[in-house]
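Colleague: Pasting a predicted model and its sequence here:
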Amino acid sequence: MRRRSLLIALPAGMVTLAACGDDKDSGGKASESVSPSAPQQSAAPSPKIVDGPLPAITAGTKFGEKPTVAKGEGEPSKDLAVRTVIAGNGKTVAENDYLQANYLGQIWATGKVFDNSYDRKTPLLIQLSQGRIIDGWRYGLTGKKVGSRVEMAVPPTWGYGKEGNEQAGIKGTDTLVFVVDIEDSFNASSSAKGTKVAQDDADLPKVGTNTDGKAPSIEVPKTDPPKKLVANYILEGDGDEVAAENTVLVQYKGVQWDTGKEFDSSYAAKQLVSFPLAQVVKGWSQGLTGKKVGSRVLIVIPPELGYGDQPPQGSGIAKNATLVFSVDILAKM
C-alpha cells in the first residue's frame with residue numbers, strides 16, 4: 001500500500017506535516033481565477049477526439065503570447081476537438097504528470113473569456129489526472145509535447161458538466177474553448193538539474209547530487225545539530241526565486257538528525273508533492289523562500305521550527321527532533 005506524504009494536508013486524525021496555528025488566506029489573486037480543476041461529478045466516458053471545428057486564433061499567435069480567439073461559428077462538435085497549433089519538441093506529456101502551462105479559456109457561443117493565466121503572469125501548475133482537472137484537458141493534452149500550443153473545444157461532458165460553473169459564468173450547456181501553451185511537465189522521475197555547490201562544512205549533512213530521479217543519499221554527521229535553521233544549495237538552479245506566497249512542486253526526502261532514519265519521502269511514494277508554502281511548517285517555508293526553481297536544497301530544521309514536542313501521531317518523528325530534508329524545487333506558481 002502506497003504511503004501518503006506527510007507534507008500533504010490530510011483529514012483530521014491522519015499524519016500531516018502541515019503547519020499548526022491560525023488559518024490565513026494564502027490564495028491572493030489566484031483565488032479569484034477559475035482554473036480547469038475538476039468539478040464535483042462522476043468520471044465521464046472516454047471521448048472521441050476530433051480535429052475540429054475550432055475558432056481561429058486571430059492575434060497573439062506565438063507560443064507564450066496571450067491569444068485572442070474568435071467566437072465559435074455554428075454548432076460545436078459533440079466530441080472533444082483538439083488541434084496542435086504549434087508543435088513542440090520537448091518531452092511527451094503523460095497522464096498523471098504535473099503540467100505547467102499558460103492558458104486562456106472562453107465560451108464557444110459568446111466568445112467571453114472566463115479565465116486566463118497570461119494576465120496573472122503565472123502559469124498554472126496542476127496534475128493531469130482524474131479528479132484533479134477537467135477531463136477535456138486530461139484527454140486532450142496527454143501525448144502532447146512540451147513546447148506545444150494546443151487548442152481544444154470541450155463539450156460539457158468533459159468540462160464542467162450539466163452544473164456548469166456559476167463563478168465563471170459557464171452554463172451547463174456551454175462548450176468551452178481553451179488555448180494551452182505547455183511550458184513543462186514533471187513526474188516521479190523528475191529531478192533538480194542545477195549546478196553543484198561545494199558541501200565543505202563538516203558539521204552539516206552531506207546530500208547526494210544525483211539527477212536521475214532517484215532519492216539522494218543524506219549522510220548526517222555524528223555531531224550536535226545546529227541550533228538555527230540551515231537552508232543551503234546542494235544544486236543551484238537558474239529559475240525564478242520562490243516567494244513565501246507561492247505553491248511549489250517538489251521531490252523530497254526527510255530523515256531525523258539523531259538516527260538518520262527516513263520518516264518521509266516523495267521518492268518512496270513515487271508521487272511528487274505540491275503545496276503552498278504558507279501551509280507547511282516554518283522550517284520549510286522559511287528554508288525554501290528565496291531559493292531558485294531547479295535547485296536541490298538541504299534544510300535542517302530545529303524543533304521550534306518543526307514540531308517541537310508535538311510531532312504528528314504515527315509519523316515516527318521523535319519529540320524535539322531536528323529534521324533534515326533534501327528538497328528538489330521543480331516548479332512554482
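Modeller: That came through, no problem. Numbering: from 1, shown residues only.
Colleague: helix/strand/coil for the residue lying farthest from the centre of the chain?
Modeller: Going by C-alpha atoms, centre = their mean, the residue of the chain most distant from its centre is residue 74, 36.8 Å out. Per DSSP: H, G, I helix; E, B strand; the rest coil, the secondary structure class of residue 74 is coil.
Colleague: ok, now which ones touch it?
Modeller: Residue 74 is in contact with residue 53, counting by C-beta atoms under 8 Å, 6 or more residues apart in numbering. Glycine gets a C-beta too; all of them are placed from N, C-alpha and C.
Colleague: separation between it and residue 108?
Modeller: Computed as C-beta to C-beta, to the nearest Å, the residue 74 to residue 108 distance reads 10 Å.
Colleague: List the buried residues for the one helix or strand residue 82 maps to?
Modeller: Residue 82 is part of strand 80-86, with elements assigned from DSSP states H and E. Neighbour-count burial for strand 80-86 flags 80-82, 85 (criterion: 16 or more other C-beta atoms under 10 Å).
Colleague: just stretch 91-105 next, same as before
Modeller: Quick answer for stretch 91-105 (16+ other C-beta under 10 Å): 91, 93, 97-105.
Colleague: Residue 222: neighbour count?
Modeller: Other residues lying near residue 222 total 5 when counted by other C-beta atoms under 10 Å.
Colleague: do the same with residue 290
Modeller: With other C-beta under 10 Å as criterion, residue 290 counts 11.
Colleague: residues contacting it?
Modeller: So residue 290 contacts 241-242 (C-beta under 8 Å, 6+ apart).
Colleague: do the same with the one 10 residues further on
Modeller: Counting by C-beta under 8 Å, 6+ apart, residue 300 touches 204-205, 225-226, 229-231, 257, 322-325.
Colleague: and which of those residues is nearest to residue 211?
Modeller: Using C-beta to C-beta, residue 325 is the member of these that lies nearest residue 211, at 17.6 Å.
Colleague: Convert the one helix or strand residue 125 maps to to PDB, retaining C-alpha atoms only.
Modeller: Taking DSSP H and E as the definition, one finds residue 125 inside strand 124-127. Taking C-alpha atoms only, strand 124-127 is exported to PDB below (Å, rounded to 0.1, in the frame of the first residue of the first chain):
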ATOM      1  CA  LEU A 124      -0.900  27.100 -14.000                       C
ATOM      2  CA  LEU A 125       0.700  24.100 -12.200                       C
ATOM      3  CA  ILE A 126      -1.700  21.100 -12.000                       C
ATOM      4  CA  GLN A 127      -1.700  17.400 -12.100                       C
END
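Colleague: what does that strand contact?
Modeller: 35-37, 96-103, 117, 132-133, 247, 249, 274, 331-333.
Colleague: from those, which ones fall inside strands?
Modeller: Counting by DSSP state E, the part of the contacts of strand 124-127 found in strands is 98-103, 247, 249, 274, 331-332.
Colleague: for these, which one is nearest residue 179?
Modeller: Once C-beta to C-beta is applied, the member of the ones in strands among the contacts of strand 124-127 that ends up nearest residue 179 is residue 103, at 6.6 Å.
Colleague: On the strand side of things, show who the nearest residue to that closest one once chain neighbours are set aside bridges to.
Modeller: With sequence-adjacent residues excluded and distances taken as C-beta to C-beta, 6 or more residues apart in numbering, residue 103 is closest to residue 180, at 4.6 Å. Note on residue 180: beta-bridge partners by DSSP bridges are residue 103, residue 150.
Colleague: which ones are touching residue 180?
Modeller: Per C-beta under 8 Å, 6+ apart, neighbours of residue 180: 101-103, 137, 141, 149-152.
Colleague: Roughly how far does it sit from residue 85?
Modeller: 10 Å.
Colleague: now swap in residue 111 and tell me
Modeller: From residue 111 to residue 85 the distance is 18 Å (C-beta to C-beta).
Colleague: What are the boundaries of the helices in this structure?
Modeller: Remark: helices assigned in the chain by DSSP state H are 135-141, 266-269, 282-288.
Colleague: what's the closest of those to residue 50?
Modeller: helix 135-141 (10.9 Å).
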